[in-house]
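Asks: Okay, predicted coordinates and the sequence, questions at the end:
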Amino acid sequence: MIDHEGDLPPCNFVIFGATGNLAALKLLPALYRLELAGRLPEVLNFVAFGRRDYDDAGWRAYVSDLLVEKLQAGGEALARFVARFDYVRGDQDDPVAYERIKQTLAKPKLGVCSHVVFYLAIKPDDFPAVIKNLDKAGLSRPRGLHRIVVEKPFGTDIESARVLNELLHRHFEEKQIFRIDHYMGKETVQNLMVFRFANTLIEPLWNRNYIDHVQITVAEGVGIGSRADYYDKAGAMRDMLQNHLMQLLTLVAMEPPAALEADAIRDEKVKVLRCIRPISQRSVHAHAYRAQYKAGAVGGVLVPGYQDEPGVEANSVTETYVAAKFYIDNWRWRGVPFYLRTGKRLKEPMSMVALRLRHPPQQLFRETPLETLEPNWIVLSIQPNECMHMELHAKQPGLGMNTHMVRLNASYRGADDHPLDAYEALLLDVIEGDHTLFIRFDEVEWAWRVVDPILKYWTQERDYIQTYPAGSWGPPEANRLFDAEDTEWRNKI
Ligand code: BG6
């Protein structure tokens, strides 16, 4: 992994879908924050490509307004940032538009750029046209030098993922391809490896002898916004669980890699996915649960139900909540359930990995006021706060045998620390050419293999979906996945 301290190489950076949702929400703010922190290469020119009718000046004004509104941007950094942009108007399907991109890239600018990054911040349906047209225009060459960044979801099932991958390989070499999953750029996610493998205290506990079960939660307060066009076809399983949550699962469960190198780490992640017990059609109900939000109040604000969101098909049965249980059939994890859940319009935004340890024997405390001892937890919080802690019993001071839970806090962020956010870190990796935090195709393939049986089963149940009120923690029926009666979802960090 790269520490990003040195100078980055000069480069050109073309954003497809520059006028879209992802660019406005994540990409442009992240690139601007890198500018602000002085982390962008001196020579870096952006080409924004979109269908909307901007000229260079109009586009720069749009970016400027967006960043002022979102990040209170201003001053020299903002001026420098917007000046890096050219705008090319065109249709992704039109080969002529790619000639215009080529001409823009050839314009004499600040300096000589050796490589170009093509960032596909577009709907997955549009990937093939852009990939083919880039190659047709000669923009994928020199082979090995230029880079293409592909957003998730990579395909909609195992077959389509393979087709997309073959298409990419027809036009680009593997070392040019960056399959991005922005969860891999999150600070806690990266810290998971350090927490596990750099602490003698932790690693001996991290297995079936001590861990009762693992919960991975990514709860969102937001709805689908203006993304119905994409989301209604995808649903929570394809949008979040197959990629973000599966990536978290692999990092929690993997064996120590031989080195902190891209392929060594990815080899271990793939081994985990390969060991996940396949879910047969008969057992889908015991392993997965889906639901959709109806109207409700999130944080005191009334919000419409999914069916009433603009662009959602009438009577859509797309899931906005999914919970699933997986078993990893290897020596470390045999018999330990991994419960994963994610949903939109839940009570509050909260993402974490929580490991519940086994119950301690009660015998010693039988004659005391303590009836049952709560189990210990190890919690790695990703959002809203990045922190880690362990919950342990300690005796309450005073007479009598009463205990309370104390937290051993291993939070690592000081008030003055401003670490890079997920997209910022990953964008620097792309510019630098480091694949460590990007997804190799076999990871994508194995992750599809795990969830495909569930998705297939759901396609046969197209006339009904359970609901949950927006602003709740999701449907209580999802508890049917639990193996043990004393298990419940952990809804607090
Ligand atoms: C994206 C999904 O990949 O991740 C969105 O497409 C989701 O639906 C988002 O809202 C969540 O990312 P984060 O970083 O806000 O947790």
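Replies: Structure received. Numbering: from 1, shown residues only.
Asks: Show me what the helix or strand containing T342 is packed up against.
Replies: If you go by DSSP states H and E, T342 is part of strand 337-343. Applying 3 or more Cβ pairs under 8 Å, 6 or more residues apart in numbering; DSSP states H and E, one finds that strand 337-343 makes contact with strand 211-219, helix 246-253, strand 321-327. Where you see a C-beta, it was placed from the backbone N, CA and C, and this is true even at glycine.
Asks: Any residue of that strand touching the ligand?
Replies: No: no part of strand 337-343 sits close enough to the ligand to count as contact by Cβ under 6 Å from any ligand atom; the gap is at least 8.9 Å.
Asks: what's in contact with the helix or strand following that strand?
Replies: Per DSSP H and E, strand 337-343 leads on to strand 350-357 as the next helix or strand towards the C-terminus. Strand 350-357 is contacted from outside by 192, 205-206, 210-219, 248, 252, 375-384, 487, 490-493, using Cβ atoms under 8 Å, 6 or more residues apart in numbering.
Asks: Of the residues you listed, select the buried ones using a PyMOL command.
Replies: Buried subset of those, written as a PyMOL selection, criterion 16 or more other Cβ atoms under 10 Å:
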select buried, resi 192+205+206+211+212+213+214+215+216+217+218+219+248+252+376+377+378+379+380+381+382+487+493
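Asks: Intersect the contacts of strand 350-357 with the contacts of the ligand.
Replies: Within the contacts of strand 350-357, those near the ligand by Cβ under 6 Å from any ligand atom are Q383.
Asks: related to what we said a few turns ago, can you redo the helices and strands packed on strand 337-343 as a markdown table with mean pLDDT and distance to E174?
Replies: Written out in a markdown table, the entries for the helices and strands packed on strand 337-343 read as follows (pLDDT from 0 to 100; distance: least, Cβ to Cβ, whole Å):
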| stretch | mean pLDDT | distance to E174 |
| --- | --- | --- |
| strand 211-219 | 98 | 29 |
| helix 246-253 | 98 | 19 |
| strand 321-327 | 98 | 28 |
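Asks: closest one to R358 among these?
Replies: Taking Cβ to Cβ, strand 211-219 is the member of the helices and strands packed on strand 337-343 nearest to R358, at 4.8 Å.
Asks: Residues of the stretch 201-350 of the chain that sit close to the ligand?
Replies: E220, D239.
Asks: what number of residues lie near the residue in the stretch 201-350 of the chain positioned nearest to the ligand?
Replies: Nearest to the ligand in the stretch 201-350 of the chain, going by Cβ to the nearest ligand atom, is D239, at a distance of 4.8 Å. Counted with other Cβ atoms under 10 Å, the neighbours of D239 add up to 23.
Asks: Report the central residue of the protein.
Replies: Note on the chain: the residue nearest the mean C-alpha position is Y183, at 3.2 Å, using Cα atoms, centre = their mean.
Asks: Give me the distance between that residue and R170.
Replies: 29 Å (Cβ to Cβ, to the nearest Å).
Asks: And for L399?
Replies: 76 Å.
Asks: Those two - which one has more neighbours?
Replies: Each of L399 and R170 has its neighbours counted (other Cβ under 10 Å); R170 has more, 11 against 6.
Asks: The more buried one in helix, strand or coil?
Replies: Classification of R170 by DSSP: H, G, I helix; E, B strand; the rest coil places it in helix.
Asks: Can you tell me the closest non-neighbouring residue to it?
Replies: For R170, ignoring the flanking residues on the chain, the nearest one in space by Cβ to Cβ, 6 or more residues apart in numbering is D135 at 7.9 Å.
Asks: again, but for F81
Replies: Per Cβ to Cβ, 6+ apart, closest to F81 is E35, 4.4 Å.
Asks: Just the element for that neighbour, please.
Replies: helix 28-36.
Asks: hmm, who's touching that helix?
Replies: 40, 46, 63, 66-67, 70-71, 73, 77-78, 80-81, 420-421, 423-424, 427-428.
Asks: And the next helix or strand past that helix?
Replies: strand 44-50.
Asks: Going by neighbour count, list what's buried in the following helix or strand past that next one.
Replies: Remark: after strand 44-50, the chain's next helix or strand is helix 56-71, criterion DSSP H and E. Using 16+ other Cβ under 10 Å as the test for burial, helix 56-71 gives W59, R60, Y62, V63, S64, L66, L67.
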